[in-house]
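1. no FASTA, just this:
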Ligand SMILES: [Zn+2]
């Protein structure tokens, strides 16, 4: 589909690149144009690498079939590792949260990446995130514990509450716990320092 772009300058190729860049999160139009001009001044080798990475992005990176984390293979290296405890699932919002938890070295279970949190105001509903897939996993595998590890927010509370309700409805027999990180600090998991995040994993509380 060809998209038409607002005219910003007399150079339509520059306008197009500026609009494409400005769709990235937290990038306004001015910054986008500055970046477009920056790119114009880069060596062609860098630009070729850049273009090639974008072109093959969906081909090279997929969602793991089991946990929906990013992976270059059908099933990611964590799900495939038989040294990991498959009976504990840590439910997280996104891939960077998984990296942060891995850095703590305090967790040896597996993950489930929701991809987002329930946010009705942003139009993100239950069917937009991988909750059904999580419930399927708890039905099929022998799961002893589900850990909910979200950054502190209203969306996180809504999502945690919904998952808890569903698990109870589906007669989940294992423990349901929640990490304590950020709940009082208002910080996010992705930027957490490993020691306090690790501590809050160890100190996780059972939801009742
Ligand atoms: Zn996986």
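-> Yes, it's here. Note that this is a predicted model, so its numbers are computed, not measured.
2. CA only for contacts and neighbour counts going forward, please
-> OK.
3. now the helices for the protein?
-> Secondary structure of the chain (DSSP state H): helices at 12-22, 29-40, 44-55, 57-60, 77-80, 95-104, 131-140, 154-169, 194-202.
4. so what touches the fourth one?
-> What it means is helix 57-60. Here helix 57-60 makes contact (CA atoms under 8 Å, 6 or more residues apart in numbering) with residue 72.
5. out of the helices of the chain, nearest to the ion?
-> helix 77-80 (4.3 Å; CA to the ion).
6. next, the buried residues of that closest one.
-> Buried residues in helix 77-80, counted by 16 or more other CA atoms under 10 Å: 78-79.
7. who touches that helix?
-> Contact with helix 77-80 is made by 66-67, 71, 84, 86, 110-111, as judged by CA under 8 Å, 6+ apart.
8. which residues touch the nearest residue to residue 130 once chain neighbours are set aside?
-> Using CA to CA, 6 or more residues apart in numbering and skipping residues adjacent in sequence, the residue nearest residue 130 is residue 114, 4.7 Å away. Residue 114 sits next to 68, 91-94, 129-131 when contact means CA under 8 Å, 6+ apart.
9. how much space between residue 114 and the ion?
-> Residue 114 sits at a distance of 12 Å from the ion (criterion: CA to the ion, to the nearest Å).
10. quick one, grab the pLDDT at that residue.
-> pLDDT for residue 114: 97.
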